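J.: coords below, sequence missing:
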């Protein structure tokens, strides 16, 4: 009789009562949260949203949700994975407890938003201080400012929710506005600052919304980016936006705060004739790629004298970029001599066009951070109430930042994992299995020595121990 060859080994399956842990790698996240002093901060900022007699305090509740979302969960019900492993994740609140907590946020949304904002600011301050010389606040200067990207996105709602409406793409849901920090190429994936939840029909070029999300973003920046008079040190910050952020009202607002900006700018049709000298490259400089290497098929020029700007803040310059149409690109009326011409406005004190162009084009990395944010909770808003979904969006920001702060504080420059996205962290680290044993009347978590990322897990836990020790907080125990 023919016996078919199987692809995988045929191993009998049975269930056991042994203390097996499916997401034991999540110990990295729980240790890091404790090293930042999360519990006491939550109690101080958000204790009013939990009854005095409640056994699950806000630190345990929000910490469990943040770890669950960072590790790959999507809904509050996914807490059952952590709940089934109390030896590693402790006593996890029930789904009903979570629902009641978010119901309380609906009654006092402004209080919750303020409490969460001050919580995020203090956590960021502690994480950046632990990063030492790699702290974005330490590295920020007028010449190389902290880069804040503002961008809107769409979140689909598959059921009727408060303020869920149709959007310009024919979908239905919300149009949240995000603000994030770009660490720069090779320095990490960056981190989220704030999310402003909006109805699905909200426009992308609303200057008031740009101002609101910017103010929410700077509210969670550490005091190191503020002066002695508690005024924002604007020259150390640069805001990047697409053309929706090029409104005069928003740019004048940034100018009033002393903040640098770099905003995409649509070249008016009536001004296209002013750049018909594009083929004469003696006026242009070769563009740079993200590694600072000159390109031979793209050029940049300061066109401020050619295309006058009216009613924009003083010092605003316009730069043009020209490159041949890519194969398959659809020509437009603004394409000149077979070149696609794009523009951006900036008030940066630097004048080297190719550098400014490369820095502006790096704004595309914000799309990756939005994708991460959607993978840590923003993509599936679970509640009917708008205020509860805004609170959930804030939690998604925290979950995404746990990994970003780990990259910043616990990994040296150039480490491969500093560029990993959230999905790779989940598959390579957080999904690592383990087993709890009792030795000398104490529980110990065993992780496989053959795990591909065993050296990285050990290095992270050691770094977290140093962070906790520096702040006189309990450190994770690591035995090799």
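T.: Everything's here; your move. Everything numeric in this text was worked out from a predicted model, so none of it was measured. Residues are numbered from 1 along each chain as shown.
J.: mind listing the helices in the stretch 1-150 of the chain by residue range?
T.: Counting by DSSP state H, counting those that start in this stretch, residue ranges of the helices within the stretch 1-150 of the chain are 27-35, 38-46, 58-71, 79-83, 86-89, 95-107, 109-131, 136-139.
J.: right, and the ones you listed - which one's nearest residue 443?
T.: Among the helices of the stretch 1-150 of the chain, the nearest to residue 443 by Cβ to Cβ is helix 86-89 (5.7 Å). Placement of C-beta: from N, CA and C, glycine included.
J.: Report the buried residues of the closest one.
T.: When neighbours are counted by 16 or more other Cβ atoms under 10 Å, the buried residues of helix 86-89 are found to be 87-89.
J.: can you list the residues that contact it?
T.: Helix 86-89 is touched from outside by 19, 21, 24, 26-27, 30, 64, 67, 82-83, 92, 434, 436, 443, 445, with contacts defined as Cβ atoms under 8 Å, 6 or more residues apart in numbering.
J.: ditto for stretch 195-202
T.: Residues from elsewhere that reach stretch 195-202 (Cβ under 8 Å, 6+ apart): 152, 154, 157, 163-168, 171-179, 209, 212-213, 216, 373, 378, 381, 386, 389-390, 393-394, 396-397.
J.: And for stretch 385-395?
T.: Contacts of stretch 385-395 with the rest of the structure, by Cβ under 8 Å, 6+ apart, involve 62, 65-66, 69, 102-103, 105-106, 109, 112-113, 116, 120, 161-163, 174, 176, 195, 197, 377-378, 381-383.
J.: which among those end up buried?
T.: Here the buried ones among the contacts of stretch 385-395, as counted with 16+ other Cβ under 10 Å, turn out to be 62, 65-66, 69, 102, 105-106, 112-113, 116, 120, 161, 163, 174, 176, 195, 197, 377-378, 381-383.
J.: Between the two ends of stretch 138-150, how far is it?
T.: Using Cα to Cα, to the nearest Å, the end-to-end distance of stretch 138-150 comes out at 22 Å.
J.: Same check on stretch 407-427?
T.: End-to-end distance of stretch 407-427 (Cα to Cα): 16 Å.
J.: Then stretch 29-46?
T.: With Cα to Cα as the measure, stretch 29-46 spans 21 Å from end to end.
J.: Enumerate the beta-bridge partners assigned to the most centrally placed residue in the chain.
T.: For the chain, the residue whose C-alpha lies nearest the mean C-alpha position (Cα atoms, centre = their mean) is residue 192; its distance is 2.9 Å. According to DSSP bridges, residue 180 are recorded as the beta-bridge partners of residue 192.
J.: My guess is it contacts residue 373. True?
T.: Yes. Counting by Cβ atoms under 8 Å, residue 192 does reach residue 373; the two are 5.7 Å apart.
J.: so for stretch 252-265, what's the average pLDDT?
T.: Confidence over stretch 252-265 (mean pLDDT, whole number) is 96.
J.: first vs last residue of that stretch, how far apart are they?
T.: Across stretch 252-265, the straight-line distance between its terminal residues is 15 Å, by Cα to Cα.
J.: Go through stretch 399-419 and flag the buried ones.
T.: When burial is assessed from 16+ other Cβ under 10 Å, stretch 399-419 yields the following buried residues: 399-411, 417-418.
J.: In helices only, show me those.
T.: Assignment to helices by DSSP state H places the following of the buried residues of stretch 399-419 there: 399-410.
J.: Pick the one among the residues you listed closest to residue 143.
T.: Out of these, the one with the shortest distance to residue 143 is residue 408. That distance is 21.5 Å, counting by Cβ to Cβ.
J.: For the nearest residue to that closest one once chain neighbours are set aside, give its distance to residue 221.
T.: Spatial nearest neighbour of residue 408, chain neighbours left out: residue 131 (4.9 Å); criterion: Cβ to Cβ, 6 or more residues apart in numbering. Distance from residue 131 to residue 221, counting by Cβ to Cβ, to the nearest Å: 14 Å.
J.: okay, these two: which has more neighbours?
T.: residue 221 (25 against 21; other Cβ atoms under 10 Å).
J.: residues in contact with the more buried one?
T.: Shown in contact with residue 221 (Cβ under 8 Å, 6+ apart): 121, 124, 137, 193, 232.
J.: Now with 6 Å, please.
T.: With contact taken as Cβ atoms under 6 Å, 6 or more residues apart in numbering, residue 221 is in contact with no other residue.
J.: returning to that earlier point: quick check: neighbours shared by residue 192 and residue 373?
T.: Looking at what touches both residue 192 and residue 373 (by Cβ under 6 Å, 6+ apart), the common residues are residue 400.
J.: a markdown table for the helices of the stretch 1-150 of the chain, including distance to residue 301 and mean pLDDT?
T.: Below are these laid out as a markdown table (distance: least, Cβ to Cβ, whole Å; pLDDT from 0 to 100):
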| stretch | distance to residue 301 | mean pLDDT |
| --- | --- | --- |
| helix 27-35 | 47 | 94 |
| helix 38-46 | 50 | 94 |
| helix 58-71 | 44 | 95 |
| helix 79-83 | 55 | 92 |
| helix 86-89 | 57 | 88 |
| helix 95-107 | 51 | 94 |
| helix 109-131 | 38 | 96 |
| helix 136-139 | 30 | 93 |
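J.: Alright, calling it a day.
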